[in-house]
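*Asks:* Sequence below, structure please.
(chains A, B and C)
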Amino acid sequence: MKSIKRTQRITSLVILLFILGMAVLVFKLVHESSFYMMNSDKHELGFVYDRTGDVLFDGTGEGSYPDNYFLDVGNIIGDDSGQMNNTLVANNIEKLNNYSFSNGLIQDGGKAAIYTTLDHAANRAVYNAFGYQDGCVCAYNYKTGEMLVCASIPSLDVTKGYDNIGSFRPGTLLSKPMSGTVPGSTQKVSTVITALEIMGSSNLYAKSYNCSGKYINRTGDSIDCHNIYGHGTQNIQEAFENSCNPFFAQLIEDDEMPLDRIMKQYEKMGYVLNGGEPQFYEIDGIQCATASTTLEDKYQFKTQWGCIGQGDTLVSPMQLMMWESAIANESGKMTMPYFIDHVTDVKGHIRDKAKTRYSDKLFSESTASAAKQILLTNGADKYSYSIVGYNVGVKSGTAQVDEGAHENSLLVGFVDDPSFPIAFCILIENKDSGYLTTEQVAQVLLDNLKNNN
Amino acid sequence: MESLDLIFCAVAAAALDICIFVLIITAYREKRSTKKNWRQISNDMELAEQDKSYELGCDEVLIGRHASADIRLPDLSVSRYHAMLTVANGVWTIKDIGSKSGIFVNGELTREAVLHENDIIKLGNRRLLFRKRRDSRVR
Amino acid sequence: MYANPIAYVFSCIFVLIAHSAMLCNIWFNGKFDEPRDIAVLGAAVIILDIAYFVVILAFKQISYALDFLLILVLGMSIIFQSCFGKVGFDVKHYITCIVCLAACKGGYMLCRDHKLLQDKKPYIYGAIGVMVLITLVFTSAENMWIEIGSFTLQPSEFIKPLFVLACATSIADQQKKHKILIFNVVYENIALFCIMAVICLVQVKSHDYGSLPTFLSIYTVGFLLRICYPKAKFSKKKLFAVIAVLIVFVLIGLKYAPDYVQHRLHVDIWSDKTGDGYQQSQALIGIANGGWFGVGPGKGFLCHVFAFDNDIVFATISEEWGLMFALMMVLTIIIITAIPLVNPARSYFHGTMSACVCAAFIVQMALNIFGSCNLIPFTGVTIPFISTGGSSLMVSGLMIGMLMAGQSPVFKEHKQKKQEDSEPAWRWKE
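*Replies:* Residues are numbered from 1 along each chain as shown, chains lettered A, B, ... in the order given. You can find the predicted model right below:
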């Protein structure tokens, strides 16, 4: 009777709980099924395309392509062999699998694909421009964030396999724009931004220091200029264009640049200071290093060199390029780059359309405008004959690596044209091993991007 | 999966579904025969008061004032757990399970007694008649 | 059923149709060497169906729904098990299913009369004691089975139905309180608590943590129904105290559990795919591979994984027949446990028995399915009728027999040693 009803209620409760559990289970199974399939050995991968529909990766392994067709994108697009973990395919392989729970694994005719924003023709042209020298180039649209070029030399053609992996040149399996490198004088862009932010532009423009070829700092160490005769008295624009080390050393020692504010501004911009945990940006699953440096005592050699461009400073070329977007946009916010424009699922429906995203504010708009002016003036004054046809704001750099054994050449900058908003960073390793200059690479880069636009 | 294969799998699943459905309906229809069987076992008896009748639906029926009692008599003269009715071999028995006022069957105070048709049970101030179940439709 | 011949015939027909549809599906989608294999399987299943339909007519039951559901599930189970890997005919499973049906009828005959069982209560407790001793003496953590000839028996499984009976018989004596020191206790409650503790220790010793929740659920349901029994006075405060103590025990148990248990609890199956997480990760991959409609009977790959036919059988069926089919199989078993809701028992004994059996089935199924799909740590329990395993099937058959007994009970008082004149049930008072 009443207690029989209670018996029924207990049974109903148990059954109900079980049915709830089963519902949760079915939901979880349907949603995570593509993850489970990726962990099995049953894959039917699709294609990766560039922005024009050109193939960058063929997951079916059955297409035939001209020799070295994928050479220039090998270490950024990658493949499913597991040899390179920090590539687009390795980190987005689930999107490429022709599988869905309702349809199962489709052997032929699955339309799963990743459509990237890269420009294969421009990428290849830039890659070939390096010839036998090594380095990397990255370029993107700083209004939308679309990555257009990301080449790292040396690279590999993934269709050729890894049998001779022992004879690959060092760095073949890495995409160099993603890892930190010594920035050289391109670091001065960060220092200028910091100075503008702390002092304000009118105050900074009023500053002038003397360069006599070397400067003995307050702890007694010598900061040498690359011009042994010195540049004389300069203001910030002149020092920037001359890339004068003693000027910047004195700027850092200036009382109006307290160390704690320098450190705070550097951290805002993404630097990891004094041996902290390395930080990364994630660009469609690919890990990109930010920057790191040591700032301990602003009167001391290492700290000053760190702000000038050597010392312990390491910045990734991508980060250098992203800072340019914050300057070129005059907003102080970096446009976050992305590779994947959209993904199509196994039936061909478009999913995951990319959206433009910005970072937090790194510095104020007035700082951005002032820095933009400094860079543009530098470009107009010094580079109008080497980079022809574009209104660019640039900073060059020479970095000493391997304890001074080699020097890398860098060029970082942006194009000031609303219809052609490109920011770029070019690195040539071991610049004395050949005749290539960063300006030549920049010319090839911008010409190809403009033509394909 | 080819679409034809899919159809066959779906057909098998549908057949199973229909089978389960039919069996559930069978179970519901068996309710009637279960009820008939119970009435046969319990000799189809019920307890009646002046205006109410109580069904005896289980083989152990608790009468008392407590909320969990199967036949609830909210009268202060009735104890919380007053009496228990049990059936076996078609015979109903009433037993006193510790009441203050005791049970009177046909006027006699007992602790345990076999019930016969039309017996009158007195619990406290309440009188219950043990009679054959009457369908409310039948007059 | 004699009152419902139409329902009987319809049920027979539909069960046969369901099984035939499955056999058709094998014919069109399955992987088989020659059509003869399917014919053998089909014949065996259909013959078993028809034989059972005839046999149940010999038992005068009020409700036959459970019988039909049982033969439906067992037929499905035989078909599933025979198709794993390749369509064939699993003779061992077939024989254990027949034993299961026999056990079902045996359980039915045994448990119909609850007055008889009340009298035989000491035997029940004795039998539990014997089974516990056998478990302790003959089995150990490494080997949970006793081998008799070519059959293996798992003694700890047989404790389940006995425990259910013990819980059910304890209900009626709730009003017999005895005074020990200053407490009013009911002997049965103490006895059951002791048995529960002993069973827990035995399970812990034999490292069979899978069955522990099943026993606990049976005890809990029995406990709750004792509280609901009208005469048992149990205050809400005591209930909360008991729940709190239980939670504390569980937490302590989890914290101080031995190493291999801790490992099982915290394993991340995807990072340890070839070690501890192997069976579960393969099971999940199998289910993903199958999709809604499966890859086809016999075409799955899970049959190469260890324990594919009892511990991860849900995933194996899901892969070959599809997730939809596997869910419907689970639904069938749920309906079996829900039949007592449609036709409730009319005595506390049978009601408690039904509720305990339902709890045991559902908890066991939940442990198996959720464990193999990584919602809870993996335990090695079986799904009641689908997994292979002689002891598991026999015990499940016994418990279904108990459910059937609850649907068609008898209410007879037994003759005492001296013969009494049975008075007619009613006589007119003069």
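*Asks:* So what touches stretch A:383-396?
*Replies:* The contact list for stretch A:383-396, computed with Cβ atoms under 8 Å, 6 or more residues apart in numbering or on different chains, reads A:185-186, A:188-189, A:240, A:243, A:324, A:327-328, A:372, A:374-376, A:378-380, A:409-417, A:420, A:437-440, A:442-443, A:446-447. Every C-beta, even on glycine, is put in place using the N, C-alpha and C of the backbone.
*Asks:* Same question for that stretch: list its buried residues.
*Replies:* Neighbour-count burial for stretch A:383-396 flags A:383, A:386, A:387, A:390, A:392, A:393, A:394, A:395, A:396 (criterion: 16 or more other Cβ atoms under 10 Å in any protein chain shown).
*Asks:* Now those residues in TSV, please, with extra columns for secondary structure and pLDDT.
*Replies:* Shown next, in TSV, are the buried residues of stretch A:383-396 (DSSP: H, G, I helix; E, B strand; the rest coil; pLDDT from 0 to 100):
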residue	secondary structure	pLDDT
A:383	helix	88
A:386	coil	88
A:387	coil	87
A:390	coil	90
A:392	strand	92
A:393	strand	92
A:394	strand	92
A:395	strand	93
A:396	strand	92
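*Asks:* Could you dump these into TSV and include distance to residue A:43?
*Replies:* Below are these laid out as TSV (distance: Cβ to Cβ, whole Å):
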residue	distance to residue A:43
A:383	48
A:386	48
A:387	45
A:390	44
A:392	44
A:393	46
A:394	44
A:395	45
A:396	45
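*Asks:* so which of those would you say is closest to residue C:38?
*Replies:* Distance ranking of these against residue C:38, using Cβ to Cβ, places residue A:390 first at 74.9 Å.
*Asks:* how about that closest one, phi and psi?
*Replies:* The phi and psi values for residue A:390, taken as degrees, to the nearest 10, are phi -140, psi 150.
*Asks:* which residues in chain A form helices?
*Replies:* According to DSSP state H, chain A carries its helices in the segments A:2-38, A:74-77, A:88-91, A:93-96, A:120-130, A:187-199, A:201-206, A:236-242, A:245-253, A:259-269, A:301-308, A:317-328, A:365-383, A:438-452.
*Asks:* what does chain B give?
*Replies:* Using DSSP H, helices in chain B cover B:3-41.
*Asks:* So, low pLDDT: which residues of it?
*Replies:* Applying pLDDT under 70 to chain B flags residues B:1-2, B:136-139.
*Asks:* For the residue in the stretch 51-200 of chain A that chain B sits nearest to, list the residues it contacts.
*Replies:* Closest residue of the stretch 51-200 of chain A to chain B, Cβ to the nearest Cβ: residue A:104 (6.0 Å). By Cβ under 8 Å, 6+ apart, the contact set of residue A:104 is B:1, C:289, C:290, C:291, C:295.
*Asks:* which bits of the stretch 301-450 of chain A sit near chain B?
*Replies:* Counting by Cβ under 8 Å from any Cβ of the partner chain, no residue of the stretch 301-450 of chain A lies close to chain B.
*Asks:* So which residue is dead centre in the chain?
*Replies:* If you meant another chain, say so; for now it's chain A. Centroid check for chain A by Cα atoms, centre = their mean gives residue A:318 as the closest residue, at 2.1 Å.
*Asks:* The chain in question should be chain B.
*Replies:* Centroid-nearest residue in chain B: residue B:57, 0.7 Å away (criterion: Cα atoms, centre = their mean).
*Asks:* Relative to chain C, how far out is that residue?
*Replies:* 6 Å (Cβ to the nearest Cβ, to the nearest Å).
*Asks:* these two touch, right, that residue and residue C:345?
*Replies:* No. Using Cβ atoms under 8 Å, residue B:57 is not in contact with residue C:345; the gap is 10.8 Å.
*Asks:* Mutual contacts of those two, please.
*Replies:* residue A:4.
*Asks:* so the closest residue to residue C:291 other than its chain neighbours bridges to which residues?
*Replies:* For residue C:291, ignoring the flanking residues on the chain, the nearest one in space by Cβ to Cβ, 6 or more residues apart in numbering or on different chains is residue A:104 at 4.5 Å. Beta bridges link residue A:104 to residue A:100, judged by DSSP bridges.
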